[in-house]
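Engineer: Based on what follows, work out the 3D shape:
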Amino acid sequence: MAYALVTGASRGIGQAIATELARRGYSLLLTARSEDALEKVAAQLRQQHGVQAHVLALDLAAPDAAARLAAWATSQAQDLAVLVNNAGYGLWGRFEELSLEEQQNMLQINMMVPVALTHALLPSLRRQPKAYVLNVASTAAYQAVPTLTLYAASKAFLLSFTRGLRYELRDSPVSVTCLSPGATTTDFANRAGMSAGLQEVSNKVSMTPEQVAKAAVTALFAGEAELIPGALNKISATLTGFVPKAVTEKIAAGIYEKHLK
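Structural biologist: I've put the predicted structure just below:
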């Protein structure tokens, strides 16, 4: 039975993707910071889908986290066929007012961990008849977002990284896909420190993690390069390619800045 490694798997989109993969018969390697939450997810997947599920509680902001995770993954599964780089978060606020250390930790998890983990695990993935990498970005990858400046920049990096790597691996067994969800009913807004008013606006257009995960796993196994789930999200991201950047930035700022204290 092939294995899939999912980062940020204790809740939200990561948990939903893990569930979707288990439904398709994949055994799971799950990682996040909370061991209790991971064990709960793993037990549920074992019971409901009859798959193996192993967990590693790990703070991915640690400098050696990706190396430790890769070593653990290869020791647990010789037939690793799916890598889901889902772990990530945002910080809401003006760049100069947010802690530099907090922002650097976010960049480490959003960008460097997927890069390092993918680099370390590609040899294992290449040994499979068919293997897949799913990088979870955001619709924020398609434009600058004032007050989520570094978050949007990190997701733009992940989107570009995905497309470049996908082309490099075009003649290999490894297919690489980028998932760019819009607003989703997860803990993202709380973790980012967003105000209640802004969260209320976001909730009006949110998809569920299960909706996102189902579309993501379908696109992954179909070998798609990019997926923006949800018609409204797709239209919005597409329009950024035609509207002047100054206009999209002003619109985004109008949504986010007015909720700052």
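Engineer: Going by C-alpha atoms from here, please, whenever you check contacts or count neighbours.
Structural biologist: OK.
Engineer: for residue 7, which residues make a bridge with it?
Structural biologist: Taking DSSP bridges, one obtains residue 31 as the residues bridged to residue 7.
Engineer: Check the separation of the first and last residues in stretch 189-209.
Structural biologist: Distance across stretch 189-209, first residue to last, is 14 Å (C-alpha to C-alpha, to the nearest Å).
Engineer: Over to stretch 170-189?
Structural biologist: Chord length of stretch 170-189, first to last residue, is 36 Å (C-alpha to C-alpha).
Engineer: repeat for stretch 191-206
Structural biologist: 16 Å.
Engineer: And stretch 27-44, by the same measure?
Structural biologist: End-to-end distance for stretch 27-44, by C-alpha to C-alpha: 13 Å.
Engineer: for that stretch, which positions count as buried?
Structural biologist: Residues of stretch 27-44 classed as buried: 27-35, 38-39, 41-42 (neighbour count, 16 or more other C-alpha atoms under 10 Å).
Engineer: got it, and stretch 148-166?
Structural biologist: For stretch 148-166, by 16+ other C-alpha under 10 Å, it's 148-156, 158-159, 161-163, 166.
Engineer: about what we covered before: so which of the buried residues of stretch 27-44 is the closest to residue 56?
Structural biologist: Nearest to residue 56, judged by C-alpha to C-alpha, of these is residue 31 at 5.0 Å.
Engineer: how close does that closest one get to residue 14?
Structural biologist: 10 Å.
Engineer: List the contacts of residue 135.
Structural biologist: 84-86, 114, 158-159, 162, 176-179 (C-alpha atoms under 8 Å, 6 or more residues apart in numbering).
Engineer: In strands, which of those residues appear?
Structural biologist: Mapping the contacts of residue 135 onto strands (DSSP state E) picks out 84-85, 176-179.
Engineer: Make TSV from those and add distance to residue 130, neighbour count and pLDDT to it.
Structural biologist: Formatted as TSV, those follow (distance: C-alpha to C-alpha, whole Å; neighbours: other C-alpha atoms under 10 Å; pLDDT from 0 to 100):
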residue	distance to residue 130	neighbour count	pLDDT
84	15	25	98
85	18	27	98
176	11	27	98
177	14	27	98
178	17	28	98
179	19	28	98
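Engineer: any chance of the residues you listed in TSV, with distance to residue 224 too?
Structural biologist: Below are these laid out as TSV (distance: C-alpha to C-alpha, whole Å):
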residue	distance to residue 224
84	15
85	16
176	8
177	6
178	8
179	10
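Engineer: With respect to residue 197, which of these is nearest?
Structural biologist: residue 179 (26.9 Å).
Engineer: Restricted to strands, list the buried residues of stretch 27-44.
Structural biologist: 27-32.
Engineer: how about low-confidence regions in this structure?
Structural biologist: Along the chain, the parts satisfying pLDDT under 70 run over 198-205, 261.
Engineer: Go again with 90.
Structural biologist: Within the chain, the segments meeting pLDDT under 90 span 1, 78, 183, 185-206, 232, 236-237, 239-243, 245, 248-249, 251-261.
Engineer: Show me the strands in it, by range?
Structural biologist: Under DSSP E, the chain gives strands at 3-7, 27-32, 53-57, 80-85, 131-136, 174-179, 226-227.
Engineer: Can you say which of those is nearest to residue 259?
Structural biologist: strand 131-136 (26.5 Å).
Engineer: What angle do strand 3-7 and that closest one make with each other?
Structural biologist: Orientation of strand 131-136 against strand 3-7 (axes from the mean of the first three to the mean of the last three C-alpha atoms, to 10 degrees) gives an angle of 20 degrees.
Engineer: partners of strand 131-136, with directions?
Structural biologist: Sheet pairing for strand 131-136, using DSSP bridges, gives strand 80-85 (parallel), strand 174-179 (parallel).
Engineer: Got phi/psi on the closest residue to residue 256 other than its chain neighbours?
Structural biologist: Spatially, and ignoring its direct neighbours in sequence, residue 256 is nearest to residue 147 (6.7 Å; C-alpha to C-alpha, 6 or more residues apart in numbering). Residue 147 adopts backbone torsions of phi 80, psi -10, taken as degrees, to the nearest 10.
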